[in-house]
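In: Generate a structure from the sequence data that follows.
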Amino acid sequence: MKDRKYTRFAVQLPVSFKGDQLSDEGTILNLSEEGCAVTSETVAGVAAYVQLAMQLRAKEEPVQVELAAVRWSSATRFGVEFIKIHSKEEERLKKFVKVLQSPT
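Out: Alright, predicted model coming up:
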């Protein structure tokens, strides 16, 4: 298993996703600046591409990921790498991850 560039943090956050042949909602199980793992009744297959709307904070608009590549998939989960995300959305994601890094 290759070393990750960014640490993933365990979370439980709502997400909606859509691709060419699928669209559903799920829960983000872990999150980093470069990707996340999602559990859902609908699972995207490896090599699929999806768009994500991640609800990182209540009462804020979801963070939009324009393009994410599915890197692994199982019966109820899949992992994505963020490929294309607007700089404004990326800044919001980085700020959220930075809060996760801070000891409580």
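In: switch to C-alpha atoms for all contacts and neighbour counts from now on
Out: OK.
In: Show me where this protein dips below the pLDDT cut-off.
Out: 1-4, 104 (pLDDT under 70).
In: Could you rerun that using 50?
Out: 1 (pLDDT under 50).
In: Mind jotting down where the strands sit in it?
Out: 9-19, 23-31, 35-39, 49-54, 63-73, 77-84 (DSSP state E).
In: list the contacts for the residue nearest to residue 92 when sequence neighbours are not counted?
Out: Spatial nearest neighbour of residue 92, chain neighbours left out: residue 63 (7.2 Å); criterion: CA to CA, 6 or more residues apart in numbering. Residues in contact with residue 63 (CA atoms under 8 Å, 6 or more residues apart in numbering) are 52, 53, 54, 55, 56, 89, 92, 93.
In: can you tell me which two in those are farthest apart?
Out: For the contacts of residue 63, the maximum inter-member distance is 14.2 Å, found between 52 and 92 (CA to CA).
In: who's more crowded, these two?
Out: Shown here are residue 52 and residue 92; by other CA atoms under 10 Å, residue 52 has more neighbours (23 against 15).
In: these two touch, right, the more buried one and residue 14?
Out: No: if you go by CA atoms under 8 Å, residue 52 and residue 14 don't touch, sitting 10.4 Å apart.
In: centre of the chain versus stretch 80-87, how much separation?
Out: 9 Å (CA atoms, centre = their mean, to the nearest Å).
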